[in-house]
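**Student:** What follows is a protein structure lacking sequence information:
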């Protein structure tokens, strides 16, 4: 069997590394604003706003036109397809609005989950068939990184070897297609917090899944310096009677990453996984203060944990726009501090800072 293969051309390596390094700039994180139409509808319904095309556009405009100071805390924003081709009320495309603040536009490119045949309620993620064509179009239209989410569930017999292997291979194929299109892939194998498993079980599952994903990416010749992982923090399941302190979460998370991820990786951005805004910030801060050496930037890529207070402050009313934008600036700045290990717990009180954001079997 031949072992011949080669590295990506040097100009492609340079471009990917430049984008990834910009996304992982010290003290900066990524806004996940890639909710699907149905998921955005649930968010809007929570504040009494109709799920219409215009209301979704208005809300995304609120996020993306926030004062340029938000660019001190955010390096990128993940968008949903419709948002890439939407514009402000006065006609400026959202991709241009973000770029003008130094925030790199990104795009969610997976097509959602489908069941794995004969499994115990396990899933894989679809969307590979036309991915190369879509990536080429998104790159032309101003998106320089992408995100693909796979979901794994912790139960007595899961995640199964099939689910781990299948999702690892899908993520690797996605990442290689993105890089061929000059797009930095964010690789997201999410261990759901559903269930009653304890901290140790989540850590072991996280290590097994991450190790499989890393192996698959190696096999697909993914260029590590132009790749970012988006991962869950290691926490007990939502139904577990055994809770964990921020320091325990930090040590379990840091240990899992150090045991599995290659030092050459551009960086790690954590998902919030249904944590409250404050908990997500406190845990990120604890991880960055955790004893020991982590060779990559450890930052945030939050959706609900950056937007809950924003939505509550806005409530669909134009007169509340500036107040809502201030909520985004304040919480993004808190997470910027946490990405440096400098956040003081309780320092930021948003309208929904302590509100639990967990949704069972969460879909984007």
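**Tutor:** Right, received. Where do you want to start? This one's a predicted model, so the numbers in the text were calculated from it and none came from an experiment.

**Student:** hey, let's count contacts and neighbours off CA atoms from now on
**Tutor:** Noted.

**Student:** Would you map the strands across the stretch 101-250 of the chain?
**Tutor:** Ranges of strands within the stretch 101-250 of the chain are 104-108, 113-115, 123-125, 145-152, 184-191, 228-231, based on DSSP state E, counting those that start in this stretch.

**Student:** For residue 6, which of those strands is the nearest?
**Tutor:** In this view, these are compared for proximity to residue 6 by C-alpha to C-alpha, and strand 184-191 is the closest at 18.8 Å.

**Student:** what's the angle between the closest one and strand 145-152?
**Tutor:** With axes from the mean of the first three to the mean of the last three C-alpha atoms, to 10 degrees defining the directions, strand 184-191 sits at 20 degrees from strand 145-152.

**Student:** Which strands and helices lie in contact with strand 184-191?
**Tutor:** Taking 3 or more C-alpha pairs under 8 Å, 6 or more residues apart in numbering; DSSP states H and E as contact, the helices and strands that strand 184-191 lies on are helix 10-23, strand 145-152, helix 161-180, helix 199-219, strand 228-231.

**Student:** strand partners of that strand, parallel vs antiparallel please.
**Tutor:** Strand 184-191 has the following strand partners under DSSP bridges: strand 145-152 (parallel), strand 228-231 (parallel).

**Student:** can you list the ones you listed in TSV and add distance to residue 256, mean neighbour count and mean pLDDT?
**Tutor:** As requested, the strands paired with strand 184-191 are arranged in TSV below (distance: least, C-alpha to C-alpha, whole Å; neighbours: other C-alpha atoms under 10 Å; pLDDT from 0 to 100):
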stretch	distance to residue 256	mean neighbour count	mean pLDDT
strand 145-152	16	25	98
strand 228-231	11	24	98
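
**Student:** Present these as CSV; the columns should include distance to residue 279.
**Tutor:** Listed next are those as CSV, based on distance: least, C-alpha to C-alpha, whole Å:
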stretch, distance to residue 279
strand 145-152, 22
strand 228-231, 16
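
**Student:** Nearest to residue 196, out of those?
**Tutor:** Nearest to residue 196 among those is strand 145-152; the distance by C-alpha to C-alpha comes to 14.7 Å.

**Student:** Next, work out how far apart residue 243 and residue 281 are.
**Tutor:** 17 Å (C-alpha to C-alpha, to the nearest Å).
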